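S.K.: The amino acid sequence is not available; the structure is as follows:
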């Protein structure tokens with residue numbers, strides 16, 4: 001029974017990002033259907049099944065190809081700078097852009113290390129994830145730690161603590177996420193203090 005529960009949690013962790021990806025693609029397909037099908041069908045006088053998916057693929061590939069050359073990079077930079085200056089839009093656009101860049105970077109991981117940190121009060125410890133090395137804040141270096149809520153690790157609290165205020169754990173980020181999602185029912189047999197050495 002425990003093995004089935006472990007498989008279930010692992011399945012959720014695997015399916016969730018895939019599901020979100022397909023959901024977003026579905027929205028793009030729906031949008032292209034709504035915009036282009038009323039234009040194309042009167043011209044061709046043919047009802048083409050799946051034309052929205054085909055147009056969405058062309059749109060996604062076209063944007064990717066455009067942003068891969070010098071002209072596309074300049075255009076993307078211009079749009080990014082424009083959106084970053086519009087008062088209301090920038091409050092949503094800038095954080096989302098930083099998250100996407102952080103998640104897609106090959107040299108940077110969203111979560112660096114699983115840690116144990118005192119939260120939400122003293123003598124009460126929570127699982128957290130380091131998101132950066134350190135930030136100079138209030139005349140000292142603070143470390144940003146994301147403390148996720150359970151069982152949904154996409155919500156949580158961003159806290160800043162001194163490096164001496166957290167304890168690194170010798171478990172991988174995936175194991176830490178499983179602990180959060182399973183509400184602690186799926187945990188390594190032993191957890192010790194120490195930096196986790198990622199397998200290359």
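M.R.: Looks like it arrived, so ask away. Keep in mind the model is a prediction, meaning the values are calculated, not measured. Numbering: from 1, shown residues only.
S.K.: Do a quick rundown of the helices in the chain.
M.R.: 2-44, 51-66, 70-83, 87-104, 173-181 (DSSP state H).
S.K.: Comparing these, which yields the minimum mean pLDDT?
M.R.: If these are sorted by mean pLDDT, helix 87-104 sits at the bottom with a mean of 63.
S.K.: Quick check: the gap between residue 194 and residue 84.
M.R.: Residue 194 sits 40 Å away from residue 84, taking CB to CB, to the nearest Å as the criterion. All C-beta atoms are positioned from the backbone trio N, CA, C, and that covers glycine.
S.K.: swap that for residue 59, please
M.R.: 23 Å.
S.K.: Those two: which has the busier surroundings?
M.R.: residue 59 (15 against 12; other CB atoms under 10 Å).
S.K.: What's the local residue count around the nearest residue to the more buried one once chain neighbours are set aside?
M.R.: Leaving aside its chain neighbours, residue 59 sits nearest to residue 32 (6.3 Å; criterion: CB to CB, 6 or more residues apart in numbering). Using other CB under 10 Å, residue 32 has 20 other residues around it.
S.K.: does residue 32 really touch residue 60, like I thought?
M.R.: No: using CB atoms under 8 Å, residue 32 is not in contact with residue 60; the gap is 9.9 Å.
S.K.: what pairs with the longest strand along the chain, and is each one parallel or antiparallel?
M.R.: The residue-count maximum for a strand in the chain (DSSP state E) belongs to strand 140-148. If you go by DSSP bridges, strand 140-148 pairs up with strand 125-130 (antiparallel), strand 135-137 (antiparallel), strand 156-161 (antiparallel).
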